[in-house]
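# Need a 3D model of the following:
(one chain, ligands or ions: 3)
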Amino acid sequence: MTLHLDDLRVRHLGECRYDSPFSEMLSTKQTSPHYVAEGDRVLLEDTVSMLAEHGLPPGQVPSFEAAGPRRKIYFDPARVTAGIVTCGGLCPGLNNVIRGLVQELSVHYRVERILGFRNGLQGLTAEHRFDTVELTTDRVRDIHNVGGTILGSSRGGQDADEMVDSLVMRGVDMLFVIGGDGGMRAATFLSEAIKARGLDIAVIGVPKTIDNDLPFTDQSFGFQSAFARATDFISSVWVEAAASPNGVGIVKLMGRHSGFIASYAALAASGADIVLIPEIPFALEGPDGLLAHVEKHVRAKGFVVVVVAEGAGQDLIEKYGLPQHNGRGTDASGNVKLGNIGELLKDTINAHLTAVGLTPTMRYLDPSYAIRSVAANAYDSVYCLRLAHAAVHAAMAGRTEVAVARWRRRFVHVPLSLMTSRRNQVDPDGDLWMSVLETTCQPAEFGTTSDRERIRPPAFSV
Ligand SMILES: Nc1ncnc2c1ncn2[C@@H]1O[C@H](COP(=O)(O)OP(=O)(O)OP(=O)(O)O)[C@@H](O)[C@H]1O
Ligand SMILES: O=P(O)(O)OC[C@H]1O[C@](O)(CO)[C@@H](O)[C@@H]1O
Ligand SMILES: [Mg+2]
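Ligands and ions are numbered 1, 2, ... in the order given. Below you'll find the predicted structure:
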């Protein structure tokens, strides 16, 4: 992936002419190990070798604009109407972000009108544009204690011009889109339609996905809460499998294209013998295949625990799967519906162990929604709040077509075009997967899979 400084540049609506309520507080601040001054930038890369490879002067190495309050802002807060929408699948912390946005807008910038559009982008259609929630500090005071989103969410495509009409008709000056890759694409679409009409509306993305599949953000909010919950299920099947003759515990976790939840949950629970993720194809049959490995565990210690990401082994489903295992078509947002790899593993492992005289006791759990519907944990609560602060500062300073993200520990502005330019995936050659291999002692691959594509995330170059 080749990145130029221009790809990292953030679009501004115009000159910042108003004093920010934070200007006095900022007057003494300079870049320090704990703060990035507004004129400074955050490096894209963080190793000496990567920087040296470019051979560029410091001002030209790829870097992000720092997030945070500015001394001067673009919008006159007294005249601002803000809009908030949450879209796509649920994720712990959505309510925390809504609460953080409302508090920052109301308390510090004294914005008086904040509209919550209901049920995702549906809320911006002609049919629903007047059915908004008036968001006040009172309304959001306790919402962080529960999962989900008080605004509702949805999948499905909407017309960009119709959505822009809604923003104009409701007088919205800045829209906060809390969404995953689809939501970030929609925000890009919307920004382009706004620009084409020459309108002065800021669109700020707050990246959300329990799959952690968005790039240029260290980890997406809610991910930690989600995988923490997932560990409970791994521990449960471990207990069950360990106490049963020829016990087989299988936990299927979310992760369409990225195996982060499966990897982190397996590391945290540390009872998993085998972790299967979408990034690494595996073979079922053969002396080095998954089934032989499962059998080996059952023979050696009497049970086995497998953690599988929902997107793993999709190529096997057509070959081995029963019709009910197959995914069919796409959802309303165009996401491919996956085949059920958990059920396929359950059936094939059952058949294999029975055939070799080790009739198993099968314990299969698919806790998908139980994981993403939880409230944010303490860590994610802080993270969501800080992301919300950064999003408000960005909008007030007239940034648009940009997402706020934490990158290498710092809060930064990432152009939406970059947010949707690639997918974040577990690198089979990276240190996370190495930790999984070290912990499970599973082989780097099950069977010969060289003819099938392994994911290799692109390196950056300039
Ligand atoms: N290419 C696109 N252009 C315009 N809108 C899009 C595009 N892709 C997705 N959207 C819209 O964005 C919204 C959210 O997308 P989606 O349902 O894929 O969830 P998401 O934001 O990716 O979240 P998650 O992955 O966490 O479920 C949907 O209303 C969808 O129609
Ligand atoms: O069943 P739903 O709500 O469409 O969402 C399921 C998908 O959403 C996610 O949670 C996020 O994209 C995926 O992990 C999962 O495949
Ligand atoms: Mg998505």
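# What pLDDT does the model give Asn119?
Confidence at Asn119, expressed as pLDDT, is 98.
# My error: substitute Val462 in the last question.
Turning to Val462, the model gives it a pLDDT of 58.
# Skip the chain neighbours and tell me the closest residue to the residue nearest the centre of the chain.
Compute the mean C-alpha point of the chain, and by C-alpha atoms, centre = their mean the closest residue is Thr209, 2.7 Å away. Nearest residue to Thr209 in three dimensions, chain neighbours excluded: Gly180, at 3.9 Å (C-beta to C-beta, 6 or more residues apart in numbering). In short, each C-beta sits where N, CA and C put it, glycine included.
# quick one: average confidence on the helix or strand where Val307 lies?
Applying DSSP states H and E as the criterion places Val307 in strand 303-309. Per-residue pLDDT values across strand 303-309 average out to 98.
# For it, name the packing helices and strands.
Under the contact criterion of 3 or more C-beta pairs under 8 Å, 6 or more residues apart in numbering; DSSP states H and E, the helices and strands touching strand 303-309 comprise helix 223-242, strand 247-253, helix 260-269, strand 274-276, helix 290-301, helix 341-355.
# Run a quick neighbour tally on the residue nearest to Thr209.
Gly180 is flanked by 25 other residues according to other C-beta atoms under 10 Å.
# my guess is the residue nearest to the centre of the chain meets Ile178, correct?
No. Checked against C-beta atoms under 8 Å, the pair Thr209 and Ile178 is beyond contact range at 10.5 Å.
# quick one: contacts of the strand holding Val307?
Under the contact criterion C-beta atoms under 8 Å, 6 or more residues apart in numbering, strand 303-309 has outside partners 234, 237-238, 241-242, 244, 246-255, 258-259, 261-262, 265-266, 271-278, 294, 297-298, 341-342, 345, 349.
# How about stretch 401-416?
7-11, 36, 42-44, 46, 64-68, 184, 187-188, 191-192, 195, 203-207, 214, 216-219, 383, 386-387, 390-391, 394, 399, 417, 419.
# now, which of those residues lie within helices?
Taking DSSP state H, the ones among the contacts of stretch 401-416 that sit in helices are 184, 187-188, 191-192, 195, 383, 386-387, 390-391, 394, 417, 419.
# Get me the contact residues on the chain for ligand 3.
Counting by C-beta under 5 Å from the ion, the positions of the chain adjacent to ligand 3 are Gly180, Asp181, Gly182.
# Identify, from those residues, the entry nearest to Ala230.
The nearest member of those to Ala230, counting by C-beta to C-beta, is Gly180 at 18.1 Å.
# What separation do you get for the closest one and Asp211?
For Gly180, the distance to Asp211 equals 7 Å [C-beta to C-beta, to the nearest Å].
# One more: Gln442?
For Gln442, the distance to Asp211 - C-beta to C-beta - is 22 Å.
# which stretches of this structure have low pLDDT?
With pLDDT under 70 as the threshold, the chain has low-confidence stretches at 1, 321-327, 449-462.
# Okay, domains of it per the record?
Annotated domains of the chain cover 5-220+376-419, 226-372+427-453 [automatic domain parsing].
# which residues does the residue of the stretch 151-300 of the chain found nearest ligand 3 contact?
Taking C-beta to the ion as the measure, the point where the stretch 151-300 of the chain comes nearest ligand 3 is Gly180, at 3.6 Å. When contacts are counted by C-beta under 8 Å, 6+ apart, Gly180 touches Cys87, Gly88, Gly89, Cys91, Pro207, Lys208, Thr209, Asp211, Asp213, Leu214.
# can you list those in JSON lines and add distance to Glu162?
As requested, these are arranged in JSON lines below (distance: C-beta to C-beta, whole Å):
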{"residue": "Cys87", "distance to Glu162": "15"}
{"residue": "Gly88", "distance to Glu162": "19"}
{"residue": "Gly89", "distance to Glu162": "23"}
{"residue": "Cys91", "distance to Glu162": "26"}
{"residue": "Pro207", "distance to Glu162": "24"}
{"residue": "Lys208", "distance to Glu162": "23"}
{"residue": "Thr209", "distance to Glu162": "25"}
{"residue": "Asp211", "distance to Glu162": "29"}
{"residue": "Asp213", "distance to Glu162": "28"}
{"residue": "Leu214", "distance to Glu162": "26"}
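# Can I get the buried part of those as one PyMOL selection?
Only the buried entries of the contacts of Gly180 go into this PyMOL selection, using 16 or more other C-beta atoms under 10 Å:
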select buried, resi 87+88+89+91+207+208+209+211+213+214
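# filter the contacts of Gly180 down to the ones close to ligand 2.
With respect to ligand 2, and counting by C-beta under 6 Å from any ligand atom, the subset of the contacts of Gly180 in contact is Gly89, Thr209, Asp211.
# Just the CA trace of stretch 376-391, in CSV.
These are the backbone C-alpha positions of stretch 376-391, laid out as CSV (Å, rounded to 0.1, in the frame of the first residue of the first chain):
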residue,chain,number,x,y,z
ALA,A,376,-18.6,-1.2,27.8
ASN,A,377,-16.1,-2.2,30.5
ALA,A,378,-14.2,0.5,32.4
TYR,A,379,-11.4,0.6,29.8
ASP,A,380,-13.7,1.0,26.9
SER,A,381,-15.8,3.6,28.8
VAL,A,382,-12.8,5.8,29.1
TYR,A,383,-11.8,5.2,25.5
CYS,A,384,-15.3,6.0,24.2
LEU,A,385,-15.4,9.2,26.1
ARG,A,386,-12.1,10.4,24.8
LEU,A,387,-13.0,9.5,21.2
ALA,A,388,-16.2,11.5,21.6
HIS,A,389,-14.2,14.5,22.9
ALA,A,390,-11.9,14.2,20.0
ALA,A,391,-14.8,14.0,17.5
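# List the buried residues in that stretch.
Using 16+ other C-beta under 10 Å as the test for burial, stretch 376-391 gives 376-377, 380-381, 383-391.
# and if you look at stretch 347-358?
Judged by neighbour count (16+ other C-beta under 10 Å), stretch 347-358 contains these buried residues: Asp347, Thr348, Ile349, His352, Leu353, Leu358.
# could you measure the residue lying closest to Val164 once chain neighbours are set aside against Ile178, distance?
Setting aside the residues directly before and after it, Val164 is nearest to Ala193 in space (C-beta to C-beta, 6+ apart), at 4.8 Å. Distance of Ala193 to Ile178, computed by C-beta to C-beta: 19 Å.
# Residues of the stretch 201-350 of the chain that sit close to ligand 1?
So far as C-beta under 6 Å from any ligand atom goes, the stretch 201-350 of the chain lies against ligand 1 at Lys208, Thr209, Ser333, Asn335.
# just to revisit the earlier point, please list which of the residues of the chain next to ligand 3 are also close to ligand 2.
With the criterion set as C-beta under 6 Å from any ligand atom, the members of the residues of the chain next to ligand 3 near ligand 2 are Gly180.
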